[in-house]
Every structure is written in C-alpha cells, then in structure tokens.
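1. Quick one: sequence plus predicted model below, questions after.
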Amino acid sequence: MKYFYFSISTICIGAALWLSGCSTERNPMSPSTFSQSTQDKIPAASRSDAALAADKHFWDVFLNAKYEEIQPVLEQMTGAYLRDPTDSVTASHIGWLHIWRISERERMAKVMPSITDDAVLARKYFQEASSINPSDARLLGFLAATTLNEGAIHHNEPEISDGNALMHKAIVAWPEFNLFTAGYMVSTKPADTAEFKQGLEWQWENLDICVGEKISRTDPNYSSSVTHITTVGPKRACWNSTIAPHNFEGFFLNMGDMLVKSGDWKVAQKIYALAKSSPDYSNWKFAPLLDERIRNAESNITPFVSNKGIMINSKVSCMACHQS
Ligand code: HEC
C-alpha cells in the first residue's frame, strides 16, 4: 500500500490538490484516509467548546513562549480535533504547534532524531486545514513550507517539487504574507544558489508590495512605512498585530541575516536598523539581539554561511515575531 500512497501523494498533494481532476485519478485500492485528504472537507458550522478552550490555552502558551508546554496543548488540541476533524482552525493550530516545536528545537537540551516526525505531522495537519478552508492562503503557505520540509528530510524530490508549486500558488494568493514565508524557508540554502538569491529577492519584493513603491536595494528607506499601518485586509501581514505582536521587527531580523549570509553586511546593517522604526520596538524582547547583529554584521558572515545562528535555526525562529 505504501506504493499507492506515494503515487497518489505525488500526483495530488501538490499540483492537483485544488484541481478537481485529482480525485478521479485515485487508485480504488487506496485507503480511504488518503482519498479524504485530497478533497475539500466540509467545514464545521460552528466551533466546539473543546476547540475554543484548546485555543485559549494555545494562545497563552504561544504568545508567551512557553515552549515546554507544547505537548499538553497539543494533547488538548488534538483531542478537540478528533471530536471535530472539520474545524480548520483546530487543525491548523496542531500544524503550527508541530512546526513550532521543530523550528525552535534549539531550546531543547538534546535534540532527538524523531523530532523530524513533527515535520510529517505539521504537513499532515496543514493539508487537512487547507482542505477544509482553501480560502486562507496562510494555511496554503504553511502547507507549502511543511511539504518542502518533509520532502527535504526524506529526500523525496517529487514532494519537493510539489512544495515549490504550492508555494508559488501561495505567493500569488497572499504575497504580503507568503513572500516572507517562501524566502524564510530557503534562508538555509547555500548563499550562492539561485534558490537563496530568489528568497532574498522575495524579501525585497515583500517590502515593495507592503508600501506600494520600490525600495532601494542599496540604501533602503522605510520611514514612510508607518503611514501604511493597518490591522485589516491582506496588508495587515506587513505590520504588527495581536497574533504577531512583533512581525515587523522579526521580518527585518531575518532579512538582515540573509543579507549578512550573502556577504552584503553593510546593507544588512541598514535593514536590521529598520526594525527600530516599529511603534512596538521598545517592548520587543529581542532588541539586544538585534543590536548584537548590527555590531557583529561583518564577523557573522562566516557562521551564517554555514547557517550557524541564523534566525530560522535559532531559539526565536517563531518567537522573534510572535512573543508578546
Ligand atoms: C516574520 C514574522 C513571523 C515569523 C518568523 C513567524 N510568523 Fe507566524 N505569523 C506572522 C504573521 C504576520 C501572521 C498573520 C497574522 C494575521 O493573520 O493577521 C502569522 C500568523 C501565525 C499564526 C496565526 C494562526 C491564526 O489562527 O490566526 C500562527 C499560529 C503562527 N503564525 C505560528 C508561527 C510559527 C509556529 C512560526 C515559526 C515556525 C511562525 N509563526 C513564524 C508572522 C510571523
């Protein structure tokens, strides 16, 4: 049956997940769970009390960086999901908990090989979540990211191609959110590769699209940006919110790291410094980290080239934006 799983997933997970033709290609011998994951599920009409209680717990743990409490929230959230597997928010929060755990594994005293199972589960739950709610392009972006991650771990080239195809769809659907996601995902690729360069270019494009003008690649000035701040619509992904209280600062931390890694440490210093124009900068916990990055920009090139200490590989790969 494993064979059918792979043949189906490579056809359906990526290119055809949102194409109706996929279901007709399904092998009649495939287990029903697989066919379910290739069709849009009917969303729940309302959310259960169990799901709402799990969410309350989730937000407390997530926004307060209580990493060591991931497992209890995961139990509560998964319990709510099993009672109602048509709740896309619950499914997505399970996906986010798994990806948080693997992303910030630097926080663990010892990282065990089976941490990679979190990547498999994250992909599975984002697949469910975006199947229930295909209109939320954040879910599509994280499905793409987790598909790429799982494909890379298992050296599954067809899955990586599927992940790339999904990511391109996600960028088109919500560029303000997914240009960052797409570029962040490739920040660990070698700096001289086309993939890394594209990822860095996506960060610049993300800035351009957020303010509706082309930002200088050598002398970036983003001071006019504060006049564009909003908490609604697709452009909200450019600024801080209750969900991502320091999105703006975290964005520039990663972008600076990518520029340092590319060798462009002087432009990196300017990009890092843009984080300081955030109205919420004074209560960002990682301001000292940013100052350290600005000071050591040149000497960080060598470690960053081998991905040592860059934001995505650090204890704050999610918390830089999300810790309140
Ligand atoms: C550059 C900043 C940044 C980083 C890094 C980041 N996020 Fe986010 N995240 C955002 C933004 C922006 C949103 C969208 C907020 C909105 O919808 O208004 C978001 C949305 C979310 C949500 C919201 C779900 C909901 O129900 O609305 C969760 C959960 C989440 N991110 C988890 C994570 C995890 C886990 C990581 C690390 C793997 C991560 N994020 C990394 C900026 C970031």
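-> Received it, and whenever you're ready, just let me know what you need. Numbering: from 1, shown residues only.

2. Those residues of the stretch 101-250 of the chain touching the ligand, which are they?
-> Within the stretch 101-250 of the chain, the positions near the ligand by CB under 6 Å from any ligand atom are 103, 138, 180, 236-237, 241, 243-244, 247, 250. To be clear about C-beta, it is placed using only N, CA and C from the backbone, and glycine gets the same treatment.

3. Next, please give the residue ranges for the helices of the stretch 51-200 of the chain.
-> For the stretch 51-200 of the chain, helices defined by DSSP state H, counting those that start in this stretch occupy the ranges 70-83, 88-103, 117-132, 137-153, 157-173, 175-185, 194-211.

4. will you turn those helices into a markdown table that also has mean neighbour count, distance to Gln269 and mean pLDDT?
-> Formatted as a markdown table, these follow (neighbours: other CB atoms under 10 Å; distance: least, CB to CB, whole Å; pLDDT from 0 to 100):
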| stretch | mean neighbour count | distance to Gln269 | mean pLDDT |
| --- | --- | --- | --- |
| helix 70-83 | 17 | 35 | 98 |
| helix 88-103 | 24 | 26 | 98 |
| helix 117-132 | 23 | 34 | 98 |
| helix 137-153 | 24 | 28 | 98 |
| helix 157-173 | 19 | 28 | 98 |
| helix 175-185 | 23 | 19 | 98 |
| helix 194-211 | 18 | 16 | 97 |
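
5. ok, and does stretch 257-266 reach over to the ligand?
-> No - Stretch 257-266 stays clear of the ligand (CB under 6 Å from any ligand atom), getting no nearer than 11.3 Å.

6. what sits against the residue nearest to Ser314 when sequence neighbours are not counted?
-> Leaving aside its chain neighbours, Ser314 sits nearest to Glu106 (5.8 Å; criterion: CB to CB, 6 or more residues apart in numbering). Glu106 makes contact with 313-315, according to CB atoms under 8 Å, 6 or more residues apart in numbering.

7. ok, the residues of the stretch 101-250 of the chain next to the ligand vs Phe58, which is closest?
-> Ile243 (11.5 Å; CB to CB).

8. Around the closest one, count how many other residues there are.
-> Applying other CB atoms under 10 Å, we find 16 residues neighbouring Ile243.

9. Among the residues of the stretch 101-250 of the chain next to the ligand, which are located in helices?
-> 103, 138, 180, 247, 250 (DSSP state H).

10. circling back to that earlier point, can you put the contacts of Glu106 in CSV and add neighbour count, pLDDT and distance to Leu121?
-> Formatted as CSV, those follow (neighbours: other CB atoms under 10 Å; pLDDT from 0 to 100; distance: CB to CB, whole Å):
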residue, neighbour count, pLDDT, distance to Leu121
Asn313, 17, 97, 20
Ser314, 21, 98, 22
Lys315, 17, 98, 21
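
11. First-to-last residue distance for stretch 300-310?
-> 9 Å (CA to CA, to the nearest Å).

12. Need phi/psi at the nearest residue to Gln198 once chain neighbours are set aside.
-> Computed as CB to CB, 6+ apart, the closest residue to Gln198 that is not its neighbour in sequence is Val186, at 7.0 Å. Phi and psi for Val186, reported as degrees, to the nearest 10, are phi -100, psi 10.

13. So Val186 sits against Glu195, correct?
-> Yes - Val186 lies in contact with Glu195 (CB atoms under 8 Å); the separation is 4.8 Å.

14. And the chain, what are its domain boundaries?
-> 1-38, 48-173, 179-324 (automatic domain parsing).
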